[in-house]
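# Predicted model, plus sequence, below.
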Amino acid sequence: VQLVESGGGSVQAGTSLTLSCTALGRISGMAFMAWFRQAPGKEREGVARIYTGSGNTYYADSVKGRFTISQDNAKNMVYLRMNSLKLDDTAMYYCATGRFVRSWWRMIEYEFWGQGTQVTVS
């Protein structure tokens, strides 16, 4: 399984950005997709998770109401729509996937990771 993120960039606070994650390879059974982020000097943290079967979603408190995770199963893609971006949203954003995810905010729950896409808010 290979995950490829795209869509990062440098934006102004208050604006929006959409990240994309393309899943390649044997993704059958990878029922959970998530976005994590890591800011300089900080630990990687869960941002949002989607269950690909039902579309059920979870969000970190810091992004609730501003970010939306969505999927296109036909294209094997997951998106992260980020509105009202803040300076604190500056980070490297990673896509992750796993078959069995209980505590969605824990990195160890996920089996495959992308290389990340940088988001800088100024």
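Arrived safely, thanks for sending.
# switch to C-alpha atoms for all contacts and neighbour counts from now on
Will do.
# list the buried ones in stretch 94-111?
Residues 94, 95, 96, 97, 98, 99, 101, 104, 105, 107, 109, 110 are the ones in stretch 94-111 that count as buried (16 or more other CA atoms under 10 Å).
# Identify the bridge partners of the residue nearest to residue 51 when sequence neighbours are not counted.
Of all residues not flanking residue 51 in the chain, residue 32 sits nearest, at 4.7 Å (CA to CA, 6 or more residues apart in numbering). Going by DSSP bridges, residue 32 is paired in beta bridges with residue 51, residue 98.
# Do I have it right that residue 32 meets residue 102?
No - counting by CA atoms under 8 Å, residue 102 is not a contact partner of residue 32; they are 9.8 Å apart.
# which one is the residue nearest in space to the middle of the chain nearest to, not counting chain neighbours?
With distances taken as CA atoms, centre = their mean, residue 35 lies nearest the centre of the chain, 1.9 Å away. Take residue 35 and drop its neighbours on the chain: the residue closest to it by CA to CA, 6+ apart is residue 95, 4.7 Å away.
# so which helix or strand takes in the one you found?
strand 91-98 (DSSP states H and E).
# who does that strand touch, helix- and strand-wise?
In this structure, strand 91-98 packs against strand 2-6, strand 32-38, strand 112-113, strand 117-121, with contacts taken as 3 or more CA pairs under 8 Å, 6 or more residues apart in numbering; DSSP states H and E.
# got the contact list for that strand?
Residues outside strand 91-98 that contact it (CA atoms under 8 Å, 6 or more residues apart in numbering): 3-5, 21, 30-40, 109-120.
# one more time with 7 Å
Contact with strand 91-98 is made by 3, 5, 21, 30-39, 109-120, as judged by CA atoms under 7 Å, 6 or more residues apart in numbering.
# again with stretch 25-38
Against stretch 25-38 from outside (CA under 7 Å, 6+ apart): 1-2, 44-53, 91-99, 101.
# now stretch 66-74
Contacts for stretch 66-74 (CA under 7 Å, 6+ apart): 48, 50, 77, 78, 79, 80, 81, 82, 83, 84.
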